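Student: when you get a sec, could you give me coordinates for this:
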Amino acid sequence: MELSDFLEEGKYVVLAFYPAAWSPTCGDEMTLFQEFLDEFERLNAKLVGISVDNVWGVQAWAENKGITFPLLCDFHPKGTMAELYGVMRDDGVSERALFIVDPEGIIQYSYVSPIAENPGVDRLFEALERLQKDE
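Tutor: Okay, the predicted model is just below:
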């Protein structure tokens, strides 16, 4: 899949890189995003999670956590997408990072949080609201 597969007219794409599916912080972060899917929709944003985990692990984890938004596996070659976005770490996982991409495919916002910290949704929603006011 490519970013263009998610771009729709008038919609932003939120790329949420997370280091490891089965880690407690990643589980908390992605289930929080799941709880706020209606708010992402209200803000004209499509959410996509991305990790370097393999597809079978991510699929089992998503089912376990009840995650319904798309989760991409940046597994082979490992970390290619994370490297393109500048968030691949030397220890083999991605940073915990958020990107907002506008409907033309241009990154309008990025945030890298400490790897062990759930960044929550507030700053992300504030950024989406600001972008829409600027349109």
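
Student: contacts and neighbour counts: CA atoms only from here.
Tutor: Fine.

Student: check which helix or strand covers the most centrally placed residue in the chain.
Tutor: The centroid of the chain falls nearest to A16 when counting by Cα atoms, centre = their mean (1.4 Å). Taking DSSP states H and E as the definition, A16 sits inside strand 12-17.

Student: and that strand, which strands flank it?
Tutor: Note on strand 12-17: by DSSP bridges, its sheet partners are strand 45-51 (parallel), strand 96-101 (antiparallel).

Student: helix or strand next in line after it, which one?
Tutor: Next along from strand 12-17, by DSSP H and E: helix 24-35.

Student: ends of stretch 50-60, what's the gap?
Tutor: 15 Å (Cα to Cα, to the nearest Å).

Student: mind listing residues that contact that stretch?
Tutor: 15-21, 71-75, 78-79, 92-94 (Cα atoms under 8 Å, 6 or more residues apart in numbering).

Student: and the one helix or strand Q108 maps to, average pLDDT?
Tutor: Q108 is part of strand 107-113, with elements assigned from DSSP H and E. Strand 107-113 carries an average pLDDT of 96.

Student: so which elements touch that strand?
Tutor: Contact here means 3 or more Cα pairs under 8 Å, 6 or more residues apart in numbering; DSSP states H and E; on that basis strand 107-113 packs against strand 96-101.

Student: now the strand it packs on: mean pLDDT?
Tutor: 97.

Student: could you do stretch 7-16 as well?
Tutor: Stretch 7-16 comes out at a mean pLDDT of 87.

Student: then stretch 53-71?
Tutor: Mean predicted confidence for stretch 53-71 is 95.

Student: then stretch 122-135?
Tutor: Rounded mean pLDDT across stretch 122-135 is 91.

Student: next: stretch 31-43.
Tutor: Rounded mean pLDDT across stretch 31-43 is 97.

Student: just how off-centre is that stretch within its chain?
Tutor: Relative to its chain's centre, stretch 31-43 lies at 12 Å (Cα atoms, centre = their mean, to the nearest Å).

Student: next, the closest residue to G79 other than its chain neighbours: phi, psi?
Tutor: Among residues not flanking G79 along the chain, V52 sits closest, at 5.7 Å (Cα to Cα, 6 or more residues apart in numbering). Per-residue torsions, V52: phi -90, psi 10 (degrees, to the nearest 10).
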